[in-house]
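Participant: Starting from these lines, generate the structure:
(one chain, ligands or ions: 1)
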Amino acid sequence: VRELNHETITDAVVQSFAGTPDARLKEILTSLVTHLHDFAREVRLTEAEWSAGIDFLTRVGHMCNDKRQEFILLSDTLGLSMLVTAMNNPTAKGSTEATVFGPFHVAGAPHYKHGEDVSNGAVGTPCEVSGRVLALDGTPIPDATIEVWQADDDGLYDVQRPDLEQAQARGVLRSGSRGEFHFKSIVPSSYPIPHDGPVGDMLAATNRHPWRPAHLHFMISAPGYKTLVTHVFRSGDRYLESDAVFGVRSSLVADWNVGDDGICRLNYDFVLNSANAE
Ligand SMILES: [Fe+2]
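Facilitator: Purely as a prediction, here's the structure:
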């Protein structure tokens, strides 16, 4: 029988993975256990604290359903989502920066033609959004799939309104022959991430606020190009410096300007990396 103590147990667990057929899984589990044990030793984790941690993660799991993804919120608020995004989306000079995916994307959103109103009845100040989808060399990318989703004036996404039957303030468009797109929507508002669950408890316990600066979500894909997941943030927002999920990049901050005709407009071009770019 091996005599294991709080120092030797790490090697024993790492050794237990020696027969893992999947080399990448072996690498990840080995590193995870090594860091997890080092963490517990470093903070001298007590049994009560271990138990509180298990309870916290259990509550995070119980909070999840098909509309609420508390684990993504946890990852977002711990900066892990942005870290993984930044690491896996090195920005080629001139290409649009990526940011967090977030928990409010819905697959199968309604399709819209250019000029149509994706807000679909969501409450907010009307605006028009236009831009182009371009390759790094400035070549227009036609027929790119542009998914857009956003919060309404109350800071809520449609999926956060249980009584709502149709999709609101989300839609799918295709870029035209010159890479162009335009649609109507509403001006996005800053909003608190859902903070009535365990992630909210963590924010409160650490004197952090739950707010995200106003933004429009985009996911843009086209054959031959790396899919871009990003936001366009609204300039002047009070939370740009303290986004609860660490997603702001200055290149993604833009103006919604009111024109002489009284219409509020955003114009923003997206530049995609080629699929084989590092
Ligand atoms: Fe969002």
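
Participant: Helices of the stretch 51-200 of the chain, residue ranges please.
Facilitator: With DSSP state H, counting those that start in this stretch as the definition, the stretch 51-200 of the chain shows helices at residue ranges 70-77, 80-88, 198-205.

Participant: Kindly calculate the angle that the last one makes with helix 70-77.
Facilitator: When you say that, I think you mean helix 198-205. Note on geometry: by axes from the mean of the first three to the mean of the last three C-alpha atoms, to 10 degrees, helix 198-205 and helix 70-77 are set 30 degrees apart in direction.

Participant: Would you mind pulling up the elements that helix 198-205 packs against?
Facilitator: Applying 3 or more C-beta pairs under 8 Å, 6 or more residues apart in numbering; DSSP states H and E, we find helix 198-205 packed against helix 47-63, helix 70-77. Backbone N, C-alpha and C define where each C-beta goes, glycine included.

Participant: Which one, of those helices, ends up nearest to Ser221?
Facilitator: helix 70-77 (20.2 Å; C-beta to C-beta).

Participant: Pull the residues that contact that closest one.
Facilitator: Identification of contacts with helix 70-77 by C-beta atoms under 8 Å, 6 or more residues apart in numbering yields 60-61, 63-64, 81-82, 100-103, 193-194, 197-199, 202-203, 208, 244-247.

Participant: out of those residues, which are buried?
Facilitator: 60, 63, 81-82, 100-103, 193-194, 197-199, 202-203, 244-247 (16 or more other C-beta atoms under 10 Å).

Participant: how about low-confidence regions in the protein?
Facilitator: With pLDDT under 70 as the threshold, the chain has low-confidence stretches at 277-278.

Participant: Just the strands from it, written as ranges.
Facilitator: In the chain, the segments counted as strands under DSSP state E are 126-135, 145-150, 170-174, 180-186, 191-192, 211-212, 215-221, 228-234, 253-254, 257-258, 264-267, 270-272.

Participant: Next, format the ones you listed as JSON lines and append distance to Ile54 and mean neighbour count.
Facilitator: JSON lines is the format used below for the strands of the chain (distance: least, C-beta to C-beta, whole Å; neighbours: other C-beta atoms under 10 Å):
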{"stretch": "strand 126-135", "distance to Ile54": "45", "mean neighbour count": "20"}
{"stretch": "strand 145-150", "distance to Ile54": "34", "mean neighbour count": "22"}
{"stretch": "strand 170-174", "distance to Ile54": "36", "mean neighbour count": "20"}
{"stretch": "strand 180-186", "distance to Ile54": "42", "mean neighbour count": "20"}
{"stretch": "strand 191-192", "distance to Ile54": "27", "mean neighbour count": "20"}
{"stretch": "strand 211-212", "distance to Ile54": "29", "mean neighbour count": "24"}
{"stretch": "strand 215-221", "distance to Ile54": "33", "mean neighbour count": "23"}
{"stretch": "strand 228-234", "distance to Ile54": "32", "mean neighbour count": "23"}
{"stretch": "strand 253-254", "distance to Ile54": "40", "mean neighbour count": "16"}
{"stretch": "strand 257-258", "distance to Ile54": "51", "mean neighbour count": "12"}
{"stretch": "strand 264-267", "distance to Ile54": "45", "mean neighbour count": "16"}
{"stretch": "strand 270-272", "distance to Ile54": "43", "mean neighbour count": "22"}
